[in-house]
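Trainee: all I have is the shape, not the residue letters:
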């Protein structure tokens, strides 16, 4: 069963608009972490934002925020005021495993294209 | 720049050959992870080392092996290469901050098996 689901294979957004990238997850572990990474066409994986399962507030990092809805098991990434440089693949990931022996499980990704 | 380095950046080889991918973690990070990214499988976890010890294993093929050395750099060895091993191989490193242990990724090694 898919543990991380990203239902939007591709999204097209006008520059300066806000965009929401969807991510739902499946776990029975009460303690988990959720991450978003950006992969530009150059190929590197860039960490954007982290949300812990016990965090009371939604995480924010500059123009990135995470809309965390625990009961719905969703962790959507919101990018405000999109820029041309935001065009990339975006991956949602969940950390799983015991402390000290953990791995990231990734979704299939969403390709975001920002149009001028 | 994440601080994680990987060499080589590109590698082209033939089926049946053996290659070694190298990774240097961020300064101070004790954990090193290896991931494979392919078009059909997506991003898959291969293996994790912590301070020289293997800690977690994913769907790593028996033809693949890894190790972490005393200076904390890591190597991923791929042998008896097949066409399907062509992929982007990432190394990541992390350190526990007391809140989380975010994995920072290197630039990747793109392996092409002909």
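Mentor: It's in. Bear in mind that the values here come from a model prediction, so they are computed numbers and not experimental data.
Trainee: so which residue is smack in the middle of chain B?
Mentor: Against the mean C-alpha coordinate of chain B, by Cα atoms, centre = their mean, the closest residue is residue B:34 at 3.0 Å.
Trainee: next, the buried residues of the helix or strand harbouring that one.
Mentor: Here residue B:34, judged by DSSP states H and E, is contained in strand B:31-38. Judged by neighbour count using 16 or more other Cβ atoms under 10 Å in any protein chain shown, the buried positions of strand B:31-38 are B:31-37. (Each C-beta comes from the backbone N, C-alpha and C, glycine too.)
Trainee: show me the contacts for residue 72.
Mentor: Defaulting to chain A. Residues in contact with residue A:72 (Cβ atoms under 8 Å, 6 or more residues apart in numbering or on different chains) are residue A:24.
Trainee: wrong chain, I was asking about chain B
Mentor: Per Cβ under 8 Å, 6+ apart, neighbours of residue B:72: B:24-25, B:29-30, B:32, B:51-52.
Trainee: check whether stretch A:45-64 contacts chain B.
Mentor: Yes - using Cβ under 8 Å from any Cβ of the partner chain, we find that stretch A:45-64 touches chain B at A:45-47, A:50, A:52.
Trainee: now do the end-to-end distance for that stretch.
Mentor: Stretch A:45-64 has an end-to-end distance of 16 Å (criterion: Cα to Cα, to the nearest Å).
Trainee: check which residues of that stretch are buried.
Mentor: Going by neighbour count (16+ other Cβ under 10 Å), the buried part of stretch A:45-64 is A:45, A:47-51, A:53, A:55, A:59, A:64.
Trainee: tell me which of those residues is nearest to chain B?
Mentor: Ranked by distance to chain B (Cβ to the nearest Cβ), these are led by residue A:45 at 3.8 Å.
Trainee: tell me the pLDDT at that closest one?
Mentor: The per-residue pLDDT reported for residue A:45 equals 96.
Trainee: point out the residues in chain A that sit beside chain B.
Mentor: So chain A meets chain B at A:33, A:35, A:37, A:43-47, A:50, A:52, A:91, A:93, A:95, A:97, A:100-106, A:108-109 (Cβ under 8 Å from any Cβ).
Trainee: ok, 10 Å please
Mentor: Within chain A, the residues that sit near chain B (Cβ under 10 Å from any Cβ of the partner chain) are A:4, A:33, A:35, A:37, A:39, A:42-47, A:49-52, A:55, A:91, A:93, A:95-109.
Trainee: now which of those residues would you call buried?
Mentor: Counted by 16+ other Cβ under 10 Å, the residues of chain A next to chain B give A:4, A:33, A:35, A:37, A:39, A:44-45, A:47, A:49-51, A:55, A:91, A:93, A:95-97, A:102-109 as buried.
Trainee: fine, thanks again, bye for now.
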